[in-house]
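**Student:** Got a predicted structure plus its sequence, pasted below:
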Amino acid sequence: MKKSKSRQTASRHNRSLPLDACPSCGTMMVEKRKALRLPVNGEEVTVPSVAHLHCPQCHEMVLRFADSKRFGEDAITIYRKKHGLLSADELRDLRLRLNLTQAKLCQLLGLGANTISRWEAGRNVQTTAMDMLLRLIRDLPGSIDYIREHHQAAA
Ligand SMILES: [Zn+2]
């Protein structure tokens, strides 16, 4: 089953256009950079230099998978700086200092199980309110114990 699937994929690739060909007109595209906007938490963020492929013939623009991933991560980094939010590294540091797994911190804060993982990977970003709560946990001794006790009392 697995074998026939990979053969299909390979033959499809053999038939397809070259990797950098324009999907609209087939012209070879060229690598360029330009400013693009992306909404983050409902706000348009401008990323100044986004790598992409540009068609000189019909002006089609294509973001390769890696370009698109990088674009999203850059937009989130810019958003974090603009709003003074904790960076992905600062989030990871404060969690490790508390000796908590990503899943455990999600549970204590009432977040979805993969939320912290996405914040630390730069694929998503915390709200301003959650950022404030995380700062309190980091800077006020006993905060995390308070949250733990609240969970125990509620259980
Ligand atoms: Zn084209």
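**Tutor:** Nice, I can see it.
**Student:** from here on, contacts and neighbour counts on C-alpha atoms
**Tutor:** Will do.
**Student:** Identify the residue nearest the geometric centre of this protein.
**Tutor:** R123 (1.2 Å; Cα atoms, centre = their mean).
**Student:** Skipping its backbone neighbours, what lies nearest it in space?
**Tutor:** In space, and not counting its chain neighbours, R123 is closest to E73: 6.0 Å by Cα to Cα, 6 or more residues apart in numbering.
**Student:** List of residues touching the helix or strand where that neighbour lies?
**Tutor:** Counting by DSSP states H and E, the element that carries E73 is helix 65-82. Identification of contacts with helix 65-82 by Cα atoms under 8 Å, 6 or more residues apart in numbering yields 38, 40, 45-47, 50-52, 86-87, 122-125.
**Student:** if we go to 6 Å?
**Tutor:** V47, A51, G122, R123 (Cα atoms under 6 Å, 6 or more residues apart in numbering).
**Student:** and that helix, which residues are buried?
**Tutor:** Within helix 65-82, the residues that count as buried by 16 or more other Cα atoms under 10 Å are R70, F71, G72, E73, D74, A75, I76, T77, Y79, R80.
**Student:** sorry, back to before: PyMOL command for the buried members of the contacts of helix 65-82?
**Tutor:** The buried residues among these can be selected in PyMOL (16+ other Cα under 10 Å) with this line:
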select buried, resi 47+51+122+123
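**Student:** just the contacts of helix 65-82 now: which is nearest the ion?
**Tutor:** Of all those, A51 has the smallest distance to the ion: 17.2 Å, by Cα to the ion.
**Student:** Next secondary structure after the helix holding E73?
**Tutor:** helix 88-97.
**Student:** Please name every helix or strand in contact with that next one.
**Tutor:** Helices and strands touching helix 88-97, as assessed by 3 or more Cα pairs under 6 Å, 6 or more residues apart in numbering; DSSP states H and E, are absent.
**Student:** try 7 Å
**Tutor:** helix 115-120 (3 or more Cα pairs under 7 Å, 6 or more residues apart in numbering; DSSP states H and E).
**Student:** So what touches the helix or strand harbouring A153?
**Tutor:** Assigned by DSSP H and E, A153 falls within helix 143-154. Here helix 143-154 makes contact (Cα atoms under 7 Å, 6 or more residues apart in numbering) with L108, L136, I137.
**Student:** Now that we have those, can you turn them into a markdown table and tack on neighbour count and secondary structure?
**Tutor:** Shown next, in a markdown table, are the contacts of helix 143-154 (neighbours: other Cα atoms under 10 Å; DSSP: H, G, I helix; E, B strand; the rest coil):
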| residue | neighbour count | secondary structure |
| --- | --- | --- |
| L108 | 14 | helix |
| L136 | 14 | helix |
| I137 | 19 | helix |
